[in-house]
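S.K.: No letters, just coordinates:
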Ligand SMILES: [Ca+2]
Ligand SMILES: [Ca+2]
Ligand SMILES: [Ca+2]
Ligand SMILES: [Ca+2]
Ligand SMILES: [Ca+2]
Ligand SMILES: [Ca+2]
Ligand SMILES: [Ca+2]
Ligand SMILES: [Ca+2]
Ligand SMILES: [Ca+2]
Ligand SMILES: [Ca+2]
Ligand SMILES: [Ca+2]
Ligand SMILES: [Ca+2]
Ligand SMILES: [Ca+2]
Ligand SMILES: [Ca+2]
Ligand SMILES: [Ca+2]
Ligand SMILES: [Ca+2]
């Protein structure tokens, strides 16, 4: 029962070129060998950072991705590179989460997906944003 | 994918004039770029304080705002100023939470909104109050 | 937006006479200014104590009151005095919680109310009791 | 509002004879004074121990009893003695929980009851077992 | 009320031969003495390890098995040996969880079963995978 | 190696008369069988309550006793009764802790003893008091 | 063993006039009845707030007072009023802690005293400040 | 670098005969291969139980052994059997800890050893006991 | 008792230019008004990030600064900017901490200073580094 | 201030050959650029596993390395490979920790070093082992 790793270009490389702007093109997937079953994958990192679009100051947060795969699964090292590409991006938190959802839905055509961003307090106020997607053929 | 920050007057200023009485007029919003989607924003601060209407003693608590934005999102620095305006206000906890809900619904016309206040114990008894709003066109 | 404190006799007094037996008559309420809205108030204290009806030994616990107010809200200092009146009362835990529920429903005619008592272990066994009330005109 | 303690033989005794095999006969109940109301009682102890039926080694765990009383409530000291009677009993965890449920349902005819056992890891694997009962006249 | 341990070959042996590749054949079961009742068994270990199929580096995680037994219960020491057999297996996390579910369903024909794997972060990204099975004659 | 329980009058009784004022006379001791060795005993309860000498309101706290026994050890049930005797006593926290230390030193002549009281917040301010004793023949 | 409460003017009053600027004159003490013994008193509140001297924004923190009393003990309600008097004071955190130490040493002439302030993060950086005093006749 | 396991009789057996009274003779040791170095071994179990010598009720606790080995190390499975032998022993907590220390010192002649027992609350009072040994040739 | 803020250039500005390489020149100080006393200031941020010098991947960590000020105190917003300047710096963790210590000692001439960096795991291994400085005229 | 990475052979490779037996030769170091200063480095992993020398069953634990570097620092990826080489090694916990200490002292000639292993419970008993080294020219 061997996993198909033939299409993965990043997992075997230690020093790829890092994207300098947000780039969904770095996302890679591998074939879902259990596509006949609805099951859930959760990927979490507390190493997300971007910049405030007004003050230029860095923001930090946690990104949680939760999805039911269709024919493809997100490869986790490529997800790391994609999230890394926000490092110099000026953006609101509400935009970050919706944009990640759009890019990941585009990349792997999941049955369902939810993205949650939990961002550290600025001015004493912390912000969490969560957005979700359901493929049209899926029951609610 | 640039966020529209043109209408924000407070985020770029370090020392605005602080309101001395509760003033919903300080609340500012920015355009929701993902208004076609129902998603949730949570804003939490543990830096809320007001005064007891009977004894004049300070009360302290946490305020949690949870909403599904309509066409506008609440800007977080203006929310900070609005909450700061309760600092010298004599008020019961039940009133604080309902009033914040009313003011924020008025400010951004959300699809749904919930406000929870968790206040520190007085006389050994802690009080939490939670109130919510649902726009008439929203399913329950 | 001033809260009506005219009917409160305990909140402004430091040394009222403490009741020596369980006395629901010490409970006071104030007018609910947001009675048109269903919202929830939670009051919690971890300073409850009574006596075991068989051994006379003290029991300790936490009381959590959770209700949707009707026309009246429970004033928290009077709740403190009411709970204090169990200090010398011999009673089972199952009785404490049901009796508090009955007395508080009687005092403020809420739309819904739940009382939970969490009592410290005796003989290595901890007991929690929870009981609830729903006004007849309320949907379940 | 006096609790009826007339039928309790264990609560007032410090040194009853301990059962040496599992004995549901030690369970005692007292009259439920609030039988007209559906309310929940939870009793928890982390002092349960029995023996492995294959290796003879001791097992340890937590037992949580959660029920809606009918006409009778379980007296907690008799519950302690009943659970103590498993101390020398060789038994699987799956059997412990189902057997406790059967014995307690028999003892107090509850409207609903759930028993959960959480047992410490053996060979690095912890086991939790939960079983429940619903009286035939109760809605699911 | 004696548990039937006659079919168990591993529980009484300290040093069986460990499987060197994934081997569902080591799984053993014992008769479910309470098969007339739907009840739940949870088995959890935080001692799971396998290898990354691309880099060969070890992965670590927690496996949680949650099921409603049919006529057979999983014996926990044999489960330990089965999970141990992944120690040298190169595999993705998504595959591990689905494969364990398939093997355990095959071994004990449960009414329902859920397997959750929570794996430690690689490259700052942790992965949890959960999959479940429901026998065809079971209501959803 | 049998412990000497001949002098204990409370441990075997379920319903002794409770003292109504602070009464160090209820304290009992048993012979320290390891008096040739300096070792430490810690006794902790979170079930202490007394009254405020100015407002009459109840105070709650945790009492921690830590001592190196001389020829006598404190029997724990008699310690419970002694601490229970503060239930109706109006007293400052600073006094409670020093008085308990004096009474316990008097009761068991320890080599060293420390008493710590941790009291719940009043007016948002929590108070901890700790006092200690060292017998004159003990090195510091 | 009655505590001397004759000099306390605040503890029996519910609504004294609150100071509007930092005022050490509101501090009150009572006689230390155990002055022959070195013992420690710790008073902690998490309800401290002041203002930033540059931006005017509110700061929040916890103040911990730890001292060995001389002839006088700090009365806790007067400490609350003293700390409340910083509510509108523009000040750095380093100044707050040193100033509180100076004022409290002046008020009660302790043998030793330590003040620790733990302030919530501003710009992602939290600040703790601690300062201590030792009376000249005390060994270090 | 092979460990010497030749003297161990229990580690390879699943079902030895369990001792029914406290029996230090079940303790086994293996040769300390690093005896030229002072290093520390800590062994902790939360599965200790004995009986109260007055009431016969079970007591539960945690035993922590901390020692610097001399020429012998304690084998952990034999320690388990030794501790298991207290299961039916009536004993005070102060006696348990001192006795375990004496037996283990006798068994392995350590350079230093400390035993701590942390026992669950009885009557709301928890007891911890700690005792230690230092070989005469060891510096304090 | 007014703090001297005359030399601070960053605290009043929302959008200064961020340094793009490590730049100790952005550090600012203010006069220590309590220089006659040895007291401690702790500044902590969990928002530190730099790059791995071999793989180019981002590292994340917490920086804790602990010092006894001499004539100058570190202004916290300038510390934030200084730490921000490591955002694109390729560096080992051992170097980060020692370099921060050198730069901060240079900036404020403290009596003592300690810097601790706690960095998130890479390859399953977390690294903490701590270094300290003591001015020559200070006792150890 | 560039770190010297010229001697590192593993950090830039994703798939080196893993050692199959304990092999201190895989350890690599880099030059300590701050060798004139005594500072501390802590490296922690909770991904250690080995085998029991008697039963062959896997053991799991956490390894914490704490050292003051001399002229060389341990490179963390090579430490990972070294620890990985215990995966199939039959060994007692006491041996693991002393052996790691010997190998790491040999590899980097530190001024001081301490190794702590915290291993998961077997038979309900957890074992921690800690050993340390101090170079002869170092003060104790
Ligand atoms: Ca958050
Ligand atoms: Ca609360
Ligand atoms: Ca509180
Ligand atoms: Ca409870
Ligand atoms: Ca468990
Ligand atoms: Ca469990
Ligand atoms: Ca995980
Ligand atoms: Ca996870
Ligand atoms: Ca306290
Ligand atoms: Ca802090
Ligand atoms: Ca903070
Ligand atoms: Ca304890
Ligand atoms: Ca306890
Ligand atoms: Ca770390
Ligand atoms: Ca760390
Ligand atoms: Ca351990």
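M.R.: Looks like it arrived, so ask away. Treat the numbers as computed from the prediction; the structure is a model and nothing was measured. Numbers count the residues shown, from 1 in each chain, chains lettered A, B, ... in the order given. Ligands and ions are numbered 1, 2, ... in the order given.
S.K.: packing partners for the helix or strand encompassing residue A:46?
M.R.: Following DSSP states H and E, one finds residue A:46 within strand A:40-51. Contact analysis of strand A:40-51 by 3 or more C-beta pairs under 8 Å, 6 or more residues apart in numbering or on different chains; DSSP states H and E lists strand A:58-68, strand A:72-74, helix A:76-84, strand E:125-134, strand I:58-68 as its packing neighbours. The way it works is simple: take the backbone N, C-alpha and C, and place the C-beta from them, glycine included.
S.K.: and ligand 12, which of these is closest to it?
M.R.: For ligand 12, the closest of the helices and strands packed on strand A:40-51 is strand I:58-68, at 31.6 Å, according to C-beta to the ion.
S.K.: pLDDT averaged over that closest one, what's the number?
M.R.: The average of the pLDDT scores along strand I:58-68 is 97.
S.K.: Tell me where the model's unsure across chain A.
M.R.: A:1-2, A:8, A:10-19 (pLDDT under 70).
S.K.: on that earlier part again, same list (the helices and strands packed on strand A:40-51) but as CSV, adding distance to ligand 6 and mean neighbour count.
M.R.: Listed next are the helices and strands packed on strand A:40-51 as CSV, based on distance: least, C-beta to the ion, whole Å; neighbours: other C-beta atoms under 10 Å in any protein chain shown:
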stretch, distance to ligand 6, mean neighbour count
strand A:58-68, 24, 20
strand A:72-74, 30, 22
helix A:76-84, 28, 22
strand E:125-134, 17, 20
strand I:58-68, 32, 20
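S.K.: and residue D:40, which of these is closest to it?
M.R.: Closest of those to residue D:40 is strand E:125-134, at 28.5 Å (criterion: C-beta to C-beta).
S.K.: and that closest one, does that touch ligand 7?
M.R.: Yes - counting by C-beta under 5 Å from the ion, ligand 7 has neighbours in strand E:125-134: residue E:126.
S.K.: who touches that strand?
M.R.: Outside strand E:125-134, the residues within contact range by C-beta atoms under 8 Å, 6 or more residues apart in numbering or on different chains are A:34, A:37, A:39-45, A:76, A:79-80, E:93-94, E:96-98, E:101, E:105, E:110-120, E:140.
S.K.: how far does that strand sit from the chain's center?
M.R.: 13 Å (C-alpha atoms, centre = their mean, to the nearest Å).
S.K.: now check it, is it near ligand 8?
M.R.: Yes - applying C-beta under 5 Å from the ion, one finds strand E:125-134 touching ligand 8 at E:126, E:128.
S.K.: pretty sure residue A:99 belongs to a strand, no?
M.R.: No - going by DSSP: H, G, I helix; E, B strand; the rest coil, the assignment for residue A:99 is helix, not a strand.
S.K.: Was I right to think residue A:27 contacts residue A:80?
M.R.: No - using C-beta atoms under 8 Å, residue A:27 makes no contact with residue A:80, being 10.4 Å away.
S.K.: my read: residue A:84 touches residue I:58, true?
M.R.: Yes - contact criterion C-beta under 8 Å: residue A:84 and residue I:58 qualify, at 6.4 Å.
S.K.: these two touch, right, residue A:107 and residue A:24?
M.R.: Yes - look at residue A:107 against residue A:24 with C-beta under 8 Å: they come within range, at 6.4 Å.
S.K.: Neighbour count: those two, which is higher?
M.R.: residue A:107 (20 against 15; other C-beta atoms under 10 Å in any protein chain shown).
S.K.: Which residue is it, in chain A, that comes closest to ligand 6?
M.R.: The nearest approach of chain A to ligand 6 comes at residue A:42, 20.6 Å away (C-beta to the ion).
S.K.: Double-check that residue against residue A:64; I have them as touching.
M.R.: Yes - contact criterion C-beta under 8 Å: residue A:42 and residue A:64 qualify, at 6.8 Å.
S.K.: what does stretch A:23-38 contact?
M.R.: With C-beta under 8 Å, 6+ apart, stretch A:23-38 has contacts from A:1, A:3-5, A:7-10, A:19, A:68-75, A:78-79, A:81-82, A:85, A:103-104, A:106-108, A:111, E:92, E:94-95, E:98, E:131.
S.K.: in it, what's buried?
M.R.: A:26-30, A:32-34 (16 or more other C-beta atoms under 10 Å in any protein chain shown).
S.K.: Format the residues you listed as CSV; extra columns: secondary structure and distance to residue E:125.
M.R.: Formatted as CSV, those follow (DSSP: H, G, I helix; E, B strand; the rest coil; distance: C-beta to C-beta, whole Å):
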residue, secondary structure, distance to residue E:125
A:26, helix, 14
A:27, coil, 13
A:28, coil, 14
A:29, strand, 15
A:30, strand, 15
A:32, coil, 18
A:33, coil, 20
A:34, coil, 21
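S.K.: And the residues you listed, which is closest to ligand 4?
M.R.: Of the buried residues of stretch A:23-38, the one sitting nearest to ligand 4 (C-beta to the ion) turns out to be residue A:34, at 41.9 Å.
S.K.: does stretch A:63-75 come close to ligand 8?
M.R.: No - using C-beta under 5 Å from the ion, stretch A:63-75 never reaches ligand 8; the gap is at least 8.8 Å.
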